[in-house]
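Peer 1: I would like to see how this sequence folds:
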Amino acid sequence: MTYCTGIRLDAGLVFLSDSRTNAGVDQVGTFRKMTVYEHPGERVMVLMTSGNLSISQAVREQVSAYVAADGTTIWNAPSMLAATRIIGEAVRFIHQRDAQALAEFRIDFNISIIFGGQIRGERCRLFNIYSAGNFIESHDQTTYFQIGEAKYGKPILDRVINPQTGLDEAAKCALVSMDSTLRSNISVGLPLDLLVYQADSLAVTRFTTIDERNQYFQMLRSSWGQQLKAVFESIDDPVWDAAPGTTDNVLCAASGKVPPLRVPLPAYLSESNAPAAPLQSLAQDMGGQQS
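Peer 2: Numbering: from 1, shown residues only. Predicted coordinates:
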């Protein structure tokens, strides 16, 4: 499995991917999920994939080889939308070629893609492409996309990221999101690829690969855990059975309690000697069956 996130901001774009792949607990490998298409001064595009590794690699190769009837390629597509359509066409081509053969071996055609960047003359754009080759685009109400093991890292992104977030702050948030995923899911692993793109630069200037020795990531993992625990401990414990108006942080007031939904006791448990009778009866029944 994997975890990737792409974030679109007023200031630019942030991309982060892990490199863990696995086909069982004893077949773990490292394959980079991020591919960069860069023509300095003209375009920068980033593609990240999740899903079946063989399908992902086949799609990337098809994208690189794609030439439309009018000569359009990923390198000269006039817009990010046109480039995204090329990615979708590549997904559909590989599906048409391989999906039936994979299905015969009970292998689903499974791929998810985050694709974003900037082509000279238009703004930064970010897309999420699905297994059918269809896609959606990020807007101000949806400033980021996730693929793979998304649930662990989503809460921090939801609380922090908005279009006005700075690039460094967004990169920090993405790394915290990744750390939460690394701690909770063994199918996501180091090293990580982090690319931070400044709008209108049309060049890759801030990229790093992060392994277990990376000083900043180790600091972030440690300090985030410590400060999260400190914030948690600073929150007051709940107060139970409080009289109205006597204290704050009341979780359950003394008045107006609602009882839990209880299962009625069996009739035999309502009698004083009930536990012995069923056991004795069961023993007798077993003895009768053995005789």
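Peer 1: what about the helices in the stretch 1-150 of the chain?
Peer 2: Ranges of helices in the stretch 1-150 of the chain, per DSSP state H, counting those that start in this stretch, are 53-65, 80-104.
Peer 1: could you give the angle of the longest one to helix 53-65?
Peer 2: To tie it back to what came earlier, the one meant is helix 80-104. Relative orientation of helix 80-104 and helix 53-65, computed by axes from the mean of the first three to the mean of the last three Cα atoms, to 10 degrees: 140 degrees.
Peer 1: still on that earlier bit, closest one to Arg213 among the helices of the stretch 1-150 of the chain?
Peer 2: Minimum separation from Arg213 across the helices of the stretch 1-150 of the chain (Cβ to Cβ) falls at helix 53-65, 25.8 Å. Using the backbone N, CA and C atoms, a C-beta is placed for each residue, glycine as well.
Peer 1: before we move on, the earlier item: could you dump the helices of the stretch 1-150 of the chain to CSV with distance to Ala199?
Peer 2: Output for the helices of the stretch 1-150 of the chain, formatted as CSV (distance: least, Cβ to Cβ, whole Å):
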stretch, distance to Ala199
helix 53-65, 24
helix 80-104, 13
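Peer 1: In CSV, list the ones you listed along with mean neighbour count and mean pLDDT.
Peer 2: Shown next, in CSV, are the helices of the stretch 1-150 of the chain (neighbours: other Cβ atoms under 10 Å; pLDDT from 0 to 100):
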stretch, mean neighbour count, mean pLDDT
helix 53-65, 18, 97
helix 80-104, 17, 98
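Peer 1: Figure out which of those helices is closest to Ile235.
Peer 2: Closest approach to Ile235 among these is made by helix 53-65 (42.5 Å; Cβ to Cβ).
Peer 1: For that closest one, name the packing helices and strands.
Peer 2: Secondary-structure packing of helix 53-65 (3 or more Cβ pairs under 8 Å, 6 or more residues apart in numbering; DSSP states H and E): strand 43-51, helix 80-104, strand 111-119.
Peer 1: Please put the alpha-carbon coordinates of it into CSV.
Peer 2: Extracted in CSV, the C-alpha atoms of helix 53-65 (Å, rounded to 0.1, in the frame of the first residue of the first chain):
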residue,chain,number,x,y,z
LEU,A,53,2.5,-1.5,-8.7
SER,A,54,2.6,-3.2,-12.1
ILE,A,55,-0.4,-1.1,-13.3
SER,A,56,1.2,2.1,-11.9
GLN,A,57,4.5,1.4,-13.7
ALA,A,58,2.7,0.5,-16.9
VAL,A,59,0.7,3.8,-16.8
ARG,A,60,3.8,5.9,-16.2
GLU,A,61,5.5,4.2,-19.2
GLN,A,62,2.4,4.8,-21.4
VAL,A,63,2.3,8.4,-20.4
SER,A,64,5.9,8.9,-21.4
ALA,A,65,5.4,7.2,-24.7
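Peer 1: I'd like to know which of the helices of the stretch 1-150 of the chain is closest to Arg8.
Peer 2: Ranking the helices of the stretch 1-150 of the chain by their distance to Arg8 (criterion: Cβ to Cβ) puts helix 80-104 first, at 11.0 Å.
Peer 1: Show me what the closest one is in contact with.
Peer 2: 45, 47, 52, 55, 58-59, 62-63, 66, 68, 72-74, 77, 108-109, 111, 113, 115-119, 122, 125, 127, 129, 131-135, 137 (Cβ atoms under 8 Å, 6 or more residues apart in numbering).
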